[in-house]
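*Asks:* sequence and predicted structure are below.
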Amino acid sequence: MKSFRNPPTVHAPLAPYAHQVEITGERLLLIAGQVGMRADGSLAGTAAEQLEVALDNVLANLAAAGMAASDLVKLTLYFVDEIDAPTRAEILGRRLGDHRPTMTLVYVARLAAPPLLVEVDAWAAAA
């Protein structure tokens, strides 16, 4: 079971996420950092496009494990280039709907290879 909470003693979330999730009695899936590379090996161009593809890769990994976006409990987003908050929220909303996992956003100087602008690390849990 997953319980997503935003304690009243902590500020409201700054974006579409939850401050905490408690997991009891479920399978746990850890997904390696996903980048903006498509299955054919091509790389999306802009940071926003790479975020879309990286999230699609997260969803494909979830599906391969018999899970869905609603099973996500934690996302960590690593960005080299800025993606404005409204664009990030719109992309996340299209991929996650109303689901609000815990989330951390980190800006880094570089990822594993120079053309990579985005990486998404994900954790999921399901019965």
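*Replies:* On my side now, so go ahead.
*Asks:* which residues in stretch 1-17 does the neighbour count mark as buried?
*Replies:* Going by neighbour count (16 or more other C-beta atoms under 10 Å), the buried part of stretch 1-17 is 2, 17. Bear in mind the C-beta positions are built from the backbone N, C-alpha and C, glycine included.
*Asks:* actually stretch 97-104, not the one I typed
*Replies:* Across stretch 97-104, burial judged by 16+ other C-beta under 10 Å covers 99-103.
*Asks:* so how far is residue 96 from residue 103?
*Replies:* For residue 103, the distance to residue 96 equals 10 Å [C-beta to C-beta, to the nearest Å].
*Asks:* does residue 87 count as helix, strand or coil?
*Replies:* helix (DSSP: H, G, I helix; E, B strand; the rest coil).
*Asks:* I'd say it and residue 47 touch.
*Replies:* No: the pair residue 87 and residue 47 does not pass the contact test of C-beta atoms under 8 Å, sitting 9.2 Å apart.
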